[in-house]
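Asker: Okay, predicted coordinates and the sequence, questions at the end:
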Amino acid sequence: MARLDLAVPGAVIDLGCGPGNLTKKLKRRWPDRAVTGFDSSPEMLAKARASAGDITWTQGDISAWLPAERFALVFANAALHWVPDHVGVFPRLMHALGPGGLLAAQMPMTGEALYHECVRRVLALPRWRTRLDGVRSHDHPLKAAAYYDLIAPLAAEVDIWEANYHHVLADKFAVTAWVAGAALVPYLTVLNDAEKQDFLADYTDIAGTAYPPRPDGRVLFQMRRIFMVAKRS
Ligand SMILES: C[S@@+](CC[C@H](N)C(=O)[O-])C[C@H]1O[C@@H](n2cnc3c(N)ncnc32)[C@H](O)[C@@H]1O
């Protein structure tokens with residue numbers, strides 16, 4: 001958000017806004033603009049609505065999002081990796097901007113993440129291979145050059161960067177807790193409570209090897225993220 005220099009008038013939309021934490025920050029940053037939080041999850045939107053004023057909350061699927069109006073800012077933090085077909089989606093997001101408008105997106109680079117390798121390993125265990133056959137998580141984000149190629153034909157400027165975070169977590173259980181709220185969600189959703197416990201215990205065993213404790217007992221959890229800001233031509 002700090003990198004955004006919004007020079008044209010118009011509305012702001014936060015795609016995949018979740019409980020609205022960043023949507024509220026967007027409104028604080030640009031109080032005179034109409035701001036919309038957009039998410040597919042009624043539960044997330046209920047949380048968002050409970051605490052925010054003067055923001056429009058809309059339920060919908062980013063995959064099917066074809067707005068009639070043109071926005072000054074289309075913002076999407078940690079959401080677009082849940083949306084398939086980036087080759088189709090990213091040009092559509094650029095088309096939702098008026099001239100000079102900004103697309104600002106951030107996604108975890110899940111394809112190369114160690115915690116995803118742990119997901120692959122737990123899914124390869126015989127019990128889960130059978131039980132979770134056919135259940136899929138999201139596609140992994142593309143490489144920076146691929147996003148550049150999708151965005152650049154519609155952009156006056158493109159700025160892409162990556163940051164590798166080394167989060168200090170208490171232990172392997174904290175790794176599992178993090179991943180349980182992210183990459184494991186599609187699998188946990190189809191398991192009953194007893195199965196969930198077993199699945200998470202198996203994940204924790206695998207994570208314990210992949211993320212060995214540092215001398216102080218904590219673990220370093222790497223998360224590489226790609227950021228992009230594109231100005232519509
Ligand atoms: C990790 S949360 C990010 C929330 C918020 N952007 C933030 O940074 O705090 C991802 C959000 O994307 C939403 N989401 C996932 N797929 C979506 C889709 N196809 N259309 C709309 N929202 C989606 C989820 O419901 C969830 O609230």
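Answerer: Thanks, I have the structure now.
Asker: Wait, residue 9 touches residue 72, no?
Answerer: Yes. Between residue 9 and residue 72 there is a contact under CB atoms under 8 Å: 6.4 Å. Placement of C-beta: from N, CA and C, glycine included.
Asker: shared neighbours, those two?
Answerer: Residues touching both residue 9 and residue 72 (CB atoms under 8 Å, 6 or more residues apart in numbering): residue 33.
Asker: Show me which of these two is the more surrounded one.
Answerer: residue 72 (21 against 11; other CB atoms under 10 Å).
Asker: How much space separates the residue lying closest to residue 211 once chain neighbours are set aside from residue 197?
Answerer: Nearest residue to residue 211, sequence neighbours excluded (CB to CB, 6 or more residues apart in numbering): residue 219, at 4.2 Å. Plainly put, residue 219 is 21 Å away from residue 197 if you go by CB to CB, to the nearest Å.
Asker: neighbour-wise, which of these two wins?
Answerer: Ranked by neighbour count (other CB under 10 Å), residue 219 and residue 197 place residue 219 first, with 21 against 11.
Asker: Quick check, pLDDT for that one.
Answerer: The model reports residue 219 with a pLDDT of 98.
Asker: ok, now the one 4 residues further on?
Answerer: Model confidence at residue 223, given as pLDDT, is 95.
Asker: Surely it is in a helix?
Answerer: No. Read with DSSP: H, G, I helix; E, B strand; the rest coil, residue 223 is strand and lies in no helix.
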